[in-house]
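1. dropping a prediction and its sequence here:
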Amino acid sequence: AKNPPWHKFVVFSTIDDGDTVVPKHAKCNNCGVVHNVFDIGKSEILPGQETGAVMDIDDVKIMMPDSLNRMLSTYNCDIATWENVLFVLQHNKFPSSIVLDRNEENGVISGKILDMKDYAVYSIRPYSGKVET
């Protein structure tokens with residue numbers, strides 16, 4: 001059997017009380033294949049296209065306030081960011097800060113962060129700093 005190409009993609013995962021990643025299905029944004037993510041940085045490709053078992057942005061949008069929908073859409077956030085914001089809302093994990101936008105240029109990282117203080121209390125702030133090597 002030929003080895004599939006190896007690439008990284010961001011997945012929002014939850015960790016249970018025993019410090020174990022709760023397994024989930026996620027679609028790779030590089031190749032579109034569905035993976036079973038079972039640990040930090042570890043997944044296995046699932047046979048067939050099990051897309052019905054994967055959350056997408058439209059699924060998350062219907063569970064979130066319109067103002068947050070518009071904000072995340074404006075910044076063209078990936079599904080992992082949408083799931084992170086939804087998790088904060090559903091589990092009252094306030095305060096929380098979530099990166100909305102990140103750019104790296106000439107050794108400097110900059111972007112925008114969503115600061116969530118309460119369910120309906122949040123703001124956006126810019127950040128920048130040197131890349132740590």
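-> Perfect, I can see it now.
2. how about the host helix or strand of Leu89 as CSV, C-alpha atoms only?
-> Assigned by DSSP states H and E, Leu89 falls within helix 79-90. This file holds the C-alpha atoms of helix 79-90, laid out as CSV (Å, rounded to 0.1, in the frame of the first residue of the first chain):
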residue,chain,number,x,y,z
ILE,A,79,-13.5,25.5,11.2
ALA,A,80,-11.1,25.0,14.2
THR,A,81,-11.5,28.7,15.2
TRP,A,82,-15.3,28.5,14.8
GLU,A,83,-15.4,25.3,17.0
ASN,A,84,-13.2,27.0,19.6
VAL,A,85,-15.5,30.0,19.9
LEU,A,86,-18.6,27.7,20.1
PHE,A,87,-16.9,25.7,22.8
VAL,A,88,-16.2,28.8,24.9
LEU,A,89,-19.8,29.9,24.5
GLN,A,90,-21.3,26.5,25.3
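3. partners of the following helix or strand past that helix, with directions?
-> Next in sequence after helix 79-90, counting helices and strands by DSSP H and E, comes strand 96-105. Note on strand 96-105: by DSSP bridges, its sheet partners are strand 108-118 (antiparallel).
4. and the partner strand with helix 79-90, angle?
-> If you take axes from the mean of the first three to the mean of the last three Cα atoms, to 10 degrees, strand 108-118 sits at 30 degrees to helix 79-90.
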